[in-house]
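[1] predicted coordinates and the sequence they were generated for:
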Amino acid sequence: MRNPAAGESLRQEAAAQGWRLTTPALDVTDDAQVSSVVEDILAKPEGLDVLVNNAGYFCIGAVEDTSPGDLEAQFNTNVLGALRMSRAVLPAFRAKGQGRIINVSSLAALSVVPFLGPYHASKAALECLTEALHYEVAPFGIHVSSVLPGPFTTELVAKQIRVGSTPQNPSVYGPQVDHFESLNSKAPRGKVQTVVNAIATAATTAHPRLRYAVGPLSFLATYGHPITPQWLYAFLVRWVFRLHAKK
């Protein structure tokens with residue numbers, strides 16, 4: 001955890017279940033911290049069996065309003081963080097001929113909507129890296145999967161970062177982004193236990209799949225969108241997000 005003090009309630013919940021849980025300080029954008037934490041874990045007698053890359057945040061706003069720094073920060077956590085952690089554990093997994101890496105991706109990697117470009121881009125990149133790694137490390141007995149949640153009741157939206165608009169310099173896309181935030185706040189959300197179950201399955205089943213799509217919109221994103229004509233999808237996007245032609 002970036003702030004281990006924030007994990008007190010989680011540690012108490014684990015203790016009540018009789019589990020040993022530690023939450024070392026870890027910022028996945030910090031190379032030195034990643035190396036230090038992984039080395040400490042690997043030095044313990046029980047070693048390491050499963051890596052779940054769950055660090056990520058939600059960046060919203062128009063692509064035009066997204067600075068290179070905004071996009072770099074989004075990728076640094078959502079993509080490069082997973083890469084740093086995977087690279088840190090792979091030598092140990094390879095040495096013992098087994099291990100699991102599970103990347104928490106998103107249905108946003110499969111279906112694109114406006115004002116979520118940076119997040120979409122990061123999750124699409126994570127999906128590509130996950131699939132490539134899945135093939136590359138399989139000969140060493142290592143399994144790699146991704147879990148793609150749709151909307152769920154988590155702190156992701158509450159902690160989102162909006163780019164490109166300030167009271168002093170409002171964005172021309174401001175009203176549309178406001179509308180997007182309103183729609184997103186009302187989206188149907190599943191119970192996070194569904195995601196937990198998918199992660200547990202990927203971590204323990206004998207033959208894990210490459211992808212586990214979960215959540216209220218998983219069927220539409222996985223099967224509906226690919227067979228929907230682009231003109232129809234574009235029409236629906238313009239209608240839902242109020243992207244009418246400007247006069």
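    Looks like it arrived, so ask away. Numbers count the residues shown, from 1 in each chain.
[2] the most centrally placed residue in the chain: what's it in contact with?
    Nearest to the mean C-alpha position of the chain, counting by CA atoms, centre = their mean, stands Ser105 at 3.9 Å. Counting by CB atoms under 8 Å, 6 or more residues apart in numbering, Ser105 touches Lys123, Leu126, Glu127, Thr130, Ser146, Val147, Leu148. (C-beta placed from N, C-alpha, C; glycine too.)
[3] 6 Å instead?
    Contacts of Ser105 were listed using CB atoms under 6 Å, 6 or more residues apart in numbering, and they are Lys123, Leu126, Glu127, Ser146, Leu148.
[4] now do it against His244, distance only.
    Note on Ser105: its distance to His244, by CB to CB, to the nearest Å, is 32 Å.
[5] likewise Ala202?
    As judged by CB to CB, Ala202 and His244 stand 42 Å apart.
[6] higher neighbour count, these two?
    Ala202 (24 against 9; other CB atoms under 10 Å).
[7] in this structure the more buried one contacts Ile102, no?
    Yes - look at Ala202 against Ile102 with CB atoms under 6 Å: they come within range, at 4.9 Å.
[8] what residues are shared contacts of those two?
    With CB under 6 Å, 6+ apart, Ala202 and Ile102 have common neighbours Ser145.
[9] which residues of the chain fall in strands?
    50-53, 59-60, 99-104, 142-149, 161-162, 211-214 (DSSP state E).
[10] want to throw those strands into JSON lines with mean pLDDT, mean neighbour count and distance to Asn76?
    Below are the strands of the chain laid out as JSON lines (pLDDT from 0 to 100; neighbours: other CB atoms under 10 Å; distance: least, CB to CB, whole Å):
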{"stretch": "strand 50-53", "mean pLDDT": "98", "mean neighbour count": "20", "distance to Asn76": "13"}
{"stretch": "strand 59-60", "mean pLDDT": "91", "mean neighbour count": "23", "distance to Asn76": "11"}
{"stretch": "strand 99-104", "mean pLDDT": "98", "mean neighbour count": "24", "distance to Asn76": "15"}
{"stretch": "strand 142-149", "mean pLDDT": "96", "mean neighbour count": "25", "distance to Asn76": "19"}
{"stretch": "strand 161-162", "mean pLDDT": "88", "mean neighbour count": "16", "distance to Asn76": "13"}
{"stretch": "strand 211-214", "mean pLDDT": "93", "mean neighbour count": "20", "distance to Asn76": "24"}
